[in-house]
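Enquirer: What follows is a protein structure lacking sequence information:
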């Protein structure tokens with residue numbers, strides 16, 4: 001049981017660090033995140049549209 005609690009603690013810590021990294025990226029990237037907008041991180045402006 002102690003081992004499961006340790007792994008759960010590590011998993012929660014990893015999720016928290018991941019969330020903070022995502023928040024820092026969103027804050028310092030300069031592009032506001034608006035709910036409902038598609039995410040265009042790796043899309044080139046002149047790329048063809050396949051949809």
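Expert: Yep, that arrived. All values reported here derive from a predicted model rather than from experimental measurement.
Enquirer: Please tell me the pLDDT value assigned to the residue nearest the centre of the chain.
Expert: Central residue of the chain (Cα atoms, centre = their mean): residue 22, 4.2 Å from the mean position. The predicted structure scores residue 22 at 88 on the pLDDT scale.
Enquirer: how much space between it and residue 37?
Expert: Noted for residue 22: a distance of 16 Å to residue 37, by Cβ to Cβ, to the nearest Å. Bear in mind the C-beta positions are built from the backbone N, C-alpha and C, glycine included.
Enquirer: Burial check on residue 9, number of neighbours?
Expert: Residue neighbour count, defined by other Cβ atoms under 10 Å, stands at 10 for residue 9.
Enquirer: Distance from the helix or strand hosting it to the middle of the chain?
Expert: Under the criterion of DSSP states H and E, residue 9 resides in helix 2-28. Average the C-alpha atoms of helix 2-28, do the same for its chain, and the two points are 11 Å apart (Cα atoms, centre = their mean, to the nearest Å).
Enquirer: and it, which residues are buried?
Expert: Taking 16 or more other Cβ atoms under 10 Å as the neighbour-count basis, helix 2-28 is seen to contain no buried residue.
Enquirer: Checking residue 42 next. Helix, strand or coil?
Expert: When the structure is split into helix, strand and coil by DSSP: H, G, I helix; E, B strand; the rest coil, residue 42 lands in coil.
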